[in-house]
Structures are given as structure tokens and as C-alpha cells.
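Undergrad: I need the structure of the sequence given here:
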Amino acid sequence: QVQLVESGGGLVQAGASLRLSCAASGGTFSMYGMGWFRQAPGKEREFVAAISTSDGRTYYADSVKGRFAISRDNVKKTVGLQMNSLKPEDTAVYYCAAHYLGTSSWARDYDYWGQGTQVTVSS
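TA: Here you go, the predicted model:
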């Protein structure tokens, strides 16, 4: 069983930066591909970014490519999401998720989820 706790959300103006963090406990963190997803009001949950288990390969949604950066620290058991040049359309609840031995942009592939952290970007 893996527990995930997100932090770092908040209210910022367009163009600002935020860094989200997700702390994991339980399980063997290095064996999980990690992902960030987001869900805006009235919309389905969507993929944001993912990072592989071992070689640190990263994947991004087109909407955030070049602005967001995902990273992981297998010693501290954390995964981060650096978000730059934020836009109002980035407003959503951001979720951290863990995928055993894999990396995916599909939410259904993930085994564990955090509770989410709210990011609000004002124009």
C-alpha cells in the first residue's frame, strides 16, 4: 500500500510559478512510475506529466510542455512538479499518482492516488 500526499498548491497570478510536491510512504517508491494529473471543475481528469521508475524519462501533455517539469527523488520518496508561466487554464486540482513498474498517461493505469491540491491561476 502506497500513500501519497500532495502539497504546494495555491492562488497565483498568470505568469507566476508554483512547485508542487508529492510525498510517498509505504511500498518501494523506486518501483513506481509517478504521474501528475489535474481535474478542473466540470471536466475529466487529464494527464499532466509522468516520470519513469529508474531512468527518469519524462513525459508531458502538450498543453504544459516547455512550462512544467516533473522530477523525482527516490531517496526522499518525493516527486515534484515545477510549474512556470502559469495560465488561468491551468486552474485545477492536481493529483499525484503511482503506477507499479510502469509509466503511463492513462489515469486508469495508476494504482494509487493522493487527495489532490488546488491550484488557482487568476488572470
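Undergrad: can you give me the buried ones in the one helix or strand residue 120 maps to?
TA: Using DSSP states H and E, the element containing residue 120 is strand 117-122. Neighbour counts over strand 117-122 (16 or more other Cβ atoms under 10 Å) mark 117, 119, 121 as buried. To be clear about C-beta, it is placed using only N, CA and C from the backbone, and glycine gets the same treatment.
Undergrad: what do you get for stretch 65-72?
TA: The neighbour-count check on stretch 65-72 (16+ other Cβ under 10 Å) flags 68, 69, 70, 71, 72 as buried.
Undergrad: kindly export that stretch (C-alpha atoms) in CSV.
TA: Output of stretch 65-72 as CSV, limited to C-alpha atoms (Å, rounded to 0.1, in the frame of the first residue of the first chain):
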residue,chain,number,x,y,z
LYS,A,65,5.3,21.0,-22.4
GLY,A,66,8.0,23.6,-22.0
ARG,A,67,6.4,25.2,-19.0
PHE,A,68,6.2,22.3,-16.5
ALA,A,69,8.9,20.0,-15.3
ILE,A,70,8.5,16.7,-13.3
SER,A,71,11.2,15.3,-11.2
ARG,A,72,11.7,12.6,-8.6
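Undergrad: contacting residues around it?
TA: Counting by Cβ atoms under 8 Å, 6 or more residues apart in numbering, stretch 65-72 makes contact with 34, 36, 48-51, 56, 58, 60, 78-86, all of which sit outside it.
Undergrad: return the set of residues that bridge with the residue most central in space within the chain.
TA: By Cα atoms, centre = their mean, the chain has its centre lying nearest to residue 36, at 2.3 Å. Beta bridges link residue 36 to residue 49, residue 96, judged by DSSP bridges.
Undergrad: wait, what's in contact with it?
TA: 20, 22, 48, 49, 50, 70, 79, 81, 94, 95, 96, 97.
Undergrad: surely the fifth one is in contact with residue 58?
TA: Yes - at 7.1 Å, residue 50 counts as touching residue 58 under the criterion of Cβ atoms under 8 Å.
Undergrad: for the strand holding residue 120, packing partners?
TA: strand 10-13, strand 18-25, strand 92-100 (3 or more Cβ pairs under 8 Å, 6 or more residues apart in numbering; DSSP states H and E).
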